[in-house]
Every structure is written in structure tokens, then in C-alpha cells.
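S.K.: The sequence and its predicted three-dimensional model are supplied below.
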Number of protein chains: 2
Amino acid sequence: MKNQNFAKRVINYDSSVLAELFIESSNPINTSFAGGYPDQQLFPSAEITTAFQQALTTNTPGIFQYTDAKGPVALRTILAQRHLQRTGVAVTADDLLITQGGQQAIDLITRLFINPGDGLAIEGPTYVGAISAFESYAPTYYEIPMEADGLNVDQLEADLKAHRGANRIKLLYTIPDFQNPTGITLSTAKRQRLAHLAAEYDFYILEDSPYRDLRYRGTELPTIQSFDHHHRVLYVSSFSKILSPGLRVGYLVAEHDMLVELAGLKSANDVQSPNMTMLALAEYLTTNNLDQHIAKMKPIYAEKCHVMVNALRKYMPAEITFTEPEGGFFLWLTGPKKLDLNKFMHDILLPKAHIVFVPSQPQYASSDIRNCARLNYSNVPLEKIEPGIKQLATYFKAYLANN
Amino acid sequence: MKNQNFAKRVINYDSSVLAELFIESSNPINTSFAGGYPDQQLFPSAEITTAFQQALTTNTPGIFQYTDAKGPVALRTILAQRHLQRTGVAVTADDLLITQGGQQAIDLITRLFINPGDGLAIEGPTYVGAISAFESYAPTYYEIPMEADGLNVDQLEADLKAHRGANRIKLLYTIPDFQNPTGITLSTAKRQRLAHLAAEYDFYILEDSPYRDLRYRGTELPTIQSFDHHHRVLYVSSFSKILSPGLRVGYLVAEHDMLVELAGLKSANDVQSPNMTMLALAEYLTTNNLDQHIAKMKPIYAEKCHVMVNALRKYMPAEITFTEPEGGFFLWLTGPKKLDLNKFMHDILLPKAHIVFVPSQPQYASSDIRNCARLNYSNVPLEKIEPGIKQLATYFKAYLANN
């Protein structure tokens, strides 16, 4: 039992499943489909190292001192330009806050809006790290099911209509592009409708899009923010998937009054991010072509995704369905309702096949759904994907026969 | 008026005074006694730059990848050794969590213990950044007045006795060494008593000691943690004052079950700190002698402190008293009760003398005390201290005569 002096947010949240997954995932004996890591063979190590050297020698001694909580204006200026190029939404350096990865942006935006009990709409399933951040602020969850073209907006609107009082929805959290964990992309029509609903029902949208640049097929869709004419969307992005997660640089784009408060919350949380990583990133973006780097990575991730989907088609029993993502790092398996994939993993898969994935249960904030799982392909060595899926399918078949 | 969709923690907290101070403090026209920055002439820029280069080239490509939320074991091992050397308390790498400066440690420890309304004892006055972190968790404050030898422990015990129910004190926040903002050091007897009280009354102590290594005179006192035999003390330190705040590296030392939860909260907050800064610090600490660097800085800060105290003695009217710190960055001015030093600063000091300090009011979490102010000497050029204080005294005299 946990120490009863801890806050309820800590006593009520069970992170043991994820902590165990982290350990199993790092164990080299296992084939891990569990992680959410980029492929570290793809990091432009030499270029980033040079950027650090350059940033450290040209910004001395100011780089070692405190700076603005929002982050150095040099970096924010570059990111504002990139935001316009990549999403068509014109912003200035003052509309941007540099965060410690996308994760801190999720934490701070929740902190900005959510009192204990306030309504927070989320996708079911959603990014498990976002749930862990939300838990600190004790929201009332409205879990919106995922469909093939993204969250069920009819269900969202029904919830918006049904709850107009103290527990009304104040914030929607969505990952529109190649969602973590399902790999599903939200349709353009739904994006547009969400922007309208936010203005109509007086709520805000946290549009979290760390995988947006990693599209392997199909056409890029406009951001939800691009349909927003009422400052309802807070857009979050990150360099963790497209450059290096070790840098811990993400950013958010928000309307001025929100940004001022978010900068204050950032300051209360950790004063600021490290100057060295922020100025090294500014230097990297100035002297290198990030889009070329992304273009180099995409066929490699696309092939991993393709090999996994093909192997699933070839080996998986018909009772197990799966998504076929157009980008990102993940796809989603769904088995018959009776199946408990957490139990399957612990009883069979891990001890017998040394395979690990993320079972569905911790990826839902309120539902108890156990018949699904997330598979990652970005960080699995290419040659291990097909044999791993083949073995997974073999154990699935046996388990289905006996359960 | 703030957006009423924001959470209460945001609507209720007025950070505008501090935001304005930040701007005035950065304005080169002003002599700023307001900041809390180290003197950037003292940063070992070349050594840190070399450490980054070394860390980046020897840890490739892992340094660019995600890592353990607690931070790299290489750094935690060095810090555990340093903690033993510097405080006499034996800990292992597993007892340490690397945080984004001391600030994040304060945020996470508050998040670990404080439900809305839970009792949090703090010094009055206290570090303004800690108050901003506490506000996110809506505690009930018990403000314990400062005396010449640190917080009034009798008052604390009276509060502990008086409140045994739902709003009992769960956590005490104290800065025992050269407190921010008063410069006061907590006596050994009080440290020992606090450790006993924590066990007796079932509360925890956040011992925040970023200035501990910067003692200019007198004898180092044992940490509160060194008297703790019941895992009641969570110790927080930082490299911001003794090496470089731009690095954003701090750490906390806590008992195992707490550390596991704090690592989970760190992960929910920002996943981890950047590998580059953490591994560069490990490299710096391996190839350089930090204590020698500190020994080089101390006489420079000691002189600044000495010059400020002497100038206060020489020029200040008798109605204005001040502390005489044995270390750290700050001292504390106290004027007659009727004086409003925020008003004095805005009406007179800033427009006429271009001098800025931090008035007392935002440095109290609940009391409305306006007749005091914090003065910083660490980041004021030495030659500006005496003339600045002389001018300050002149305006004080005139203001006292008219108010």
C-alpha cells in the first residue's frame, strides 16, 4: 500500500504496469514492440554535436545564465517561421513557449485550465503519458471513442450538450495525426467541426501533433488550429520524434493571454528550459536542413511500418484486427472482447516468446478495456519485425484456441 | 480580468508584480538589486563547453535518445558521492532524482504530498518561486515567521498542535542556509528539533539548500536531513548557483518509496531532463574540481556582500534595519510598519533613481507585509553597490520624512 500521506493524485494512480513495461522493454532478451522511441540510428549526431559546440562558443557567457521563461527569442523566431511554413498559421515569436518536450506542454496546459473535477475530453485510447500528466489535476474524464477517421465527434457533441454545468468539458485533448496509440488520423471534416464546436460550446482544444512530419503515405491534412478563428486551439509540437528526444525541446503555440499565463506556469514549474539545448537547436535549424533530414528518415520508418502491417496480414488470425497507419510510430491491435492482453502478455508472451507490447488498459483514462494493444515499429530493428510478428501470431492463435 | 475559463490556481495568482520586476531588472538603465542571478563573469565557460563536447562525442548515439526519468546513473552516482562528502548522509544513485533545477524538485514534492486544502508550512517570507509552484496545488498555508536564527519553531509546533484534522500540516518548506530572501541561517538546535517534530507530528520537510556551498564566514551547520532517522526529510540542491543556472540541473534526495513516486511525477511532468546537460555535468564533475571553482567564487561574493552591508551601515537611516548574511545571494531590509516599499519603489525609486529591488509583499504566501524588501548583491557589479546603496538611502530618508 502507498504511504497515506501522499496526495490522492499519487495514491489513486497506478503506474506500476508502465514501470514494469519500461524495464521489460529495456531488457535486451526481449523483442520490444512496447517503446515509443525513435530509431537511434537515425539521429544526426555529428550535426547536433557541432551545433552545441557552436552555440556554446558564440553565446558565452549568457548561455550559462538564466533567461526568459519562454526560451531564447532566437529559437522562438525560427520556430514561428517553421510553424507558418508547416501549418499555414502565421504566428510570431511571442506566441510561442518552449517546453521540455511536448510532455511539459500537456502538463502546463492542463494546469492552466483544469480545476479538480473539471471536464476534460480525451480520446479512448490515448497517449499514456498524457493520462499521467492529467492525473495531477484530477479532471472528470469524458472519454471519446476512436473511429477509423478519428475521435467520434458526435459522441463529443452529445457530451457537450448533456453537461452544461460545473462538470462541463473545458478542454479536449487530441492527437490528430497518426495518433498515439492507434495510428489513426483525424479527418479534415472532423478537424473543421472540432474548431467550430470549441467556439460554440466554449471549450479549448489541445492539439498535440508530435508525429505530424512523419507521414509515409497519403496527403497531409490541415491542422485543427488552421480552422480556428476564435483562439480555441493550443498547438503542441516537439523535436523528440523528428530530431532527438534527448534534447527535450518541444513548444506550444497559443493566444497571447494564455501564453502569458503558460509562461508563468512554466516558470513556477522549472524556471526555464536549459539554454544550451535551446540554443543548440536554434543553431542546428539555422545551419542544417531539418526537412531534408526528415525526408531521409521517412522511407526507413515507412518500410518498418509496411513490414509490420504485411506480417500482421500474413500471420495474424482473423479474430485479431489492426490499424494501418499512414505515419507515426504505432499501430493498434484489437482482439475479441473476452481477451485480456495484459494477462496474455504476462502469462504467455513475455515468459515464452520474450515479446512485449503495451496492453490497452493503461491507455484508457476511465474505461476498462483489455482486448487491445499498441505495437511500436519505429524502434524495432527491421529484421526483427517479421519474425516477431510471426511468433506473436503463433502465440495468439494458441491463446485464442484456449480462451 | 483574466479569462474565467482558466483554473482557479491561475485566476487567483497575481504574477504581474514579478513579471514587471523581471522587465525592470533586465533594463540596463536600472541598478538592479532585484535579481537572483549568479555573477556571469564567474561561469567556467571553457570548462563546461569542453565537458559538453566530451559528453556528446563519447555517449553517441545514446545521449540523443530517451533515458531513465531519474536521469543517467553516471550523474546520480557522482552526486550521491558528493552528497555524502558534503552533508555526511550516505545515499546511493537510486536515492536521487535529477530535476530541472531546484524549482522542479519543489513542484514535484508539493505534487507528491499536497491535495487542495492540505496544510503546507512555509517561512514568512520565503522564496517567491516556491510560492508560485505551491499555488498550483492550492495548499492551506501556515506561515511561520523568521527570527534571527531561522523560522520560529515554537510557532510551528503550536500550529502542529492546534491543527490535527484535515488541514493538519503535511509538509514544511524551509531554506535553512542563507535563506532566500532574508539571508538568515537556521540554527543547529532548530534543525535538530525540526527533524524530531517531523517524526512526532507525522509531517515531511522539504529542505531546499541551493546556497549551502556559498558560505563566506562562520562555520557550516549540519543539514536537517543529517538529524533525520525516520525518512522525513526530502533534500533539494542545485547547480544553478555554484556552476550555471543555464544548465537547469538540480536534484533531490528522498527515501525509496517517495523517490519511485517522484520519478513517476517527473515522467508525467516532462518525461526526463535533457541527456546532454546531465551528461555534460557528469563530465564536468569528473574532469574538474568543482570545490576549487567554488573556493574561487566565494571571496568575490563575500566582498560584494561585505560592501553592501558596510554601505547599509554607513548610509541607511536608523529606522531601516537589515540582515547580515553569512553566505548566499541576498539580504533583507525592514522599514517602519507604516512604509509600503512597493509603493516607494514604483513612485520614487524606479522613476527617480532607477533602482529596483523585490518588495516584501509577493514574498509572503498569505500575510500582507509591505515594509520590507529583498536586496541581491551577487549579480550587481561591485563598483555599483556602494553608490547604489548610498542613493537608495538618500531616497529612503526623504521618503521617511514625508510618510
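M.R.: Arrived safely.
S.K.: what residues are up against A:Gln41?
M.R.: The contact partners of A:Gln41, by Cβ atoms under 8 Å, 6 or more residues apart in numbering or on different chains, come to B:Pro61. C-betas here are computed from N, CA, C, even on glycine.
S.K.: How much space separates it from A:Gly264?
M.R.: As for A:Gln41, its distance to A:Gly264 is 40 Å (criterion: Cβ to Cβ, to the nearest Å).
S.K.: all strands of the stretch 251-400 of chain A, in order?
M.R.: For the stretch 251-400 of chain A, strands defined by DSSP state E, counting those that start in this stretch occupy the ranges A:321-322, A:330-334, A:355-356, A:358-359, A:372-376.
S.K.: tell me what the last one is packed against?
M.R.: Meaning strand A:372-376. Here strand A:372-376 touches strand A:330-334, strand A:358-359, going by 3 or more Cβ pairs under 8 Å, 6 or more residues apart in numbering or on different chains; DSSP states H and E.
S.K.: ok, 6 Å please
M.R.: Contacts defined by 3 or more Cβ pairs under 6 Å, 6 or more residues apart in numbering or on different chains; DSSP states H and E place strand A:372-376 against strand A:330-334.
S.K.: Same check on the first one?
M.R.: Using 3+ Cβ pairs under 6 Å, 6+ apart as the contact criterion, the elements in contact with strand A:321-322 are strand A:330-334.
S.K.: Partner strands of the strand it packs on, with direction?
M.R.: Strand A:330-334 sits in its sheet next to strand A:321-322 (antiparallel), strand A:372-376 (antiparallel), going by DSSP bridges.
S.K.: which residues sit against that strand?
M.R.: Residues outside strand A:330-334 that contact it (Cβ atoms under 6 Å, 6 or more residues apart in numbering or on different chains): A:180-183, A:320-323, A:325, A:372-376.
S.K.: are any of these buried, and which?
M.R.: A:180-183, A:320, A:322-323, A:325, A:372-376 (16 or more other Cβ atoms under 10 Å in any protein chain shown).
S.K.: between those residues, which is nearest B:Leu151?
M.R.: Using Cβ to Cβ, A:Asn180 is the member of the buried ones among the contacts of strand A:330-334 that sits closest to B:Leu151, with 46.3 Å.
S.K.: my guess is the closest one contacts A:Tyr127, does it?
M.R.: Yes - judged on Cβ atoms under 6 Å, A:Asn180 makes contact with A:Tyr127 at a distance of 4.4 Å.
S.K.: which residues do these two both contact?
M.R.: Between them, A:Asn180 and A:Tyr127 share no contacting residue under Cβ under 6 Å, 6+ apart.
S.K.: Show me what from the stretch 101-250 of chain A comes close to chain B.
M.R.: Applying Cβ under 6 Å from any Cβ of the partner chain, we find that the stretch 101-250 of chain A lies next to chain B at A:101, A:103-104, A:107, A:111-115, A:132-133, A:136, A:244-248.
S.K.: go again using 7 Å as the cut-off
M.R.: A:101, A:103-104, A:107, A:111-116, A:129, A:132-133, A:135-136, A:170, A:244-248 (Cβ under 7 Å from any Cβ of the partner chain).
S.K.: Just the ones of those residues in helices?
M.R.: Using DSSP state H, the members of those that fall within helices are A:101, A:103-104, A:107, A:111-113, A:129, A:132-133, A:135.
S.K.: can you put those residues in CSV and add pLDDT and neighbour count?
M.R.: What follows is those, written out as CSV (pLDDT from 0 to 100; neighbours: other Cβ atoms under 10 Å in any protein chain shown):
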residue, pLDDT, neighbour count
A:Gly101, 98, 26
A:Gln103, 98, 27
A:Gln104, 98, 29
A:Asp107, 98, 28
A:Arg111, 98, 24
A:Leu112, 98, 25
A:Phe113, 98, 24
A:Gly129, 96, 20
A:Ser132, 96, 23
A:Ala133, 97, 25
A:Glu135, 96, 20
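S.K.: longest single strand anywhere in chain A?
M.R.: As assigned by DSSP state E, the longest strand anywhere in chain A is strand A:140-147.
S.K.: Provide the contact partners of the following helix or strand past that strand at residue level.
M.R.: Sequence order places strand A:150-151 as the next helix or strand after strand A:140-147, per DSSP states H and E. Contacts to strand A:150-151, defined as Cβ atoms under 7 Å, 6 or more residues apart in numbering or on different chains, come from residues A:123, A:144, A:174, A:176, A:184-187, A:190.
S.K.: ok, strand A:150-151: who's next to it in the sheet?
M.R.: If you go by DSSP bridges, strand A:150-151 pairs up with strand A:140-147 (antiparallel).
S.K.: quick one, helices of chain A?
M.R.: A:8-11, A:16-26, A:45-58, A:73-87, A:101-113, A:128-135, A:153-162, A:188-201, A:256-270, A:275-287, A:290-315, A:341-344, A:382-402.
S.K.: neighbours of A:Thr394, just the number please.
M.R.: 14 (other Cβ atoms under 10 Å in any protein chain shown).
S.K.: Same question for A:Lys337.
M.R.: 8.
S.K.: And for A:Asp94?
M.R.: For A:Asp94, using other Cβ under 10 Å, the count is 15.
S.K.: Name the helix or strand of chain A that has the lowest mean pLDDT.
M.R.: Every helix and strand of chain A was ranked by mean pLDDT, DSSP states H and E. The lowest is helix A:16-26, at a mean of 80.
S.K.: How about stretch A:194-205, which residues are buried there?
M.R.: Within stretch A:194-205, the residues scored as buried using 16+ other Cβ under 10 Å are A:194-195, A:197-198, A:201, A:203-205.
S.K.: and if you look at stretch A:310-321?
M.R.: Across stretch A:310-321, burial judged by 16+ other Cβ under 10 Å covers A:311-312, A:315-316, A:320.
S.K.: so how far is chain B from the residue lying closest to A:Gly250 once chain neighbours are set aside?
M.R.: Nearest in space to A:Gly250, with sequence neighbours left out and distances taken as Cβ to Cβ, 6 or more residues apart in numbering or on different chains, is A:Ser238 at 3.7 Å. Using Cβ to the nearest Cβ, to the nearest Å, A:Ser238 is found at 10 Å from chain B.
S.K.: and stretch A:133-151, how far apart are its ends?
M.R.: 21 Å (Cα to Cα, to the nearest Å).
S.K.: and the nearest residue to A:Met316 once chain neighbours are set aside, how far is that from A:Ile205?
M.R.: Closest residue to A:Met316 apart from its sequence neighbours, by Cβ to Cβ, 6+ apart: A:Ala393 at 4.9 Å. Counting by Cβ to Cβ, the separation of A:Ala393 from A:Ile205 is 38 Å.
S.K.: quick one, what contacts the spatially closest residue to A:Phe6 that is not a sequence neighbour?
M.R.: Once flanking residues are discounted, A:Phe6 sits nearest to B:Leu112: 6.0 Å by Cβ to Cβ, 6+ apart. B:Leu112 makes contacts with A:6-7, A:10, B:258, B:261-262, B:265, as judged by Cβ under 7 Å, 6+ apart.
S.K.: pretty sure A:Gly218 contacts A:Glu326?
M.R.: Yes - if you go by Cβ atoms under 7 Å, A:Gly218 and A:Glu326 touch, sitting 4.4 Å apart.
S.K.: Which of those two has more residues huddled nearby?
M.R.: Set side by side, A:Gly218 and A:Glu326 show more neighbours around A:Glu326, with 20 against 10, by other Cβ under 10 Å.
S.K.: what sits against the more buried one?
M.R.: Applying Cβ under 7 Å, 6+ apart, one finds that A:Glu326 lies in contact with A:178, A:185, A:215-218.
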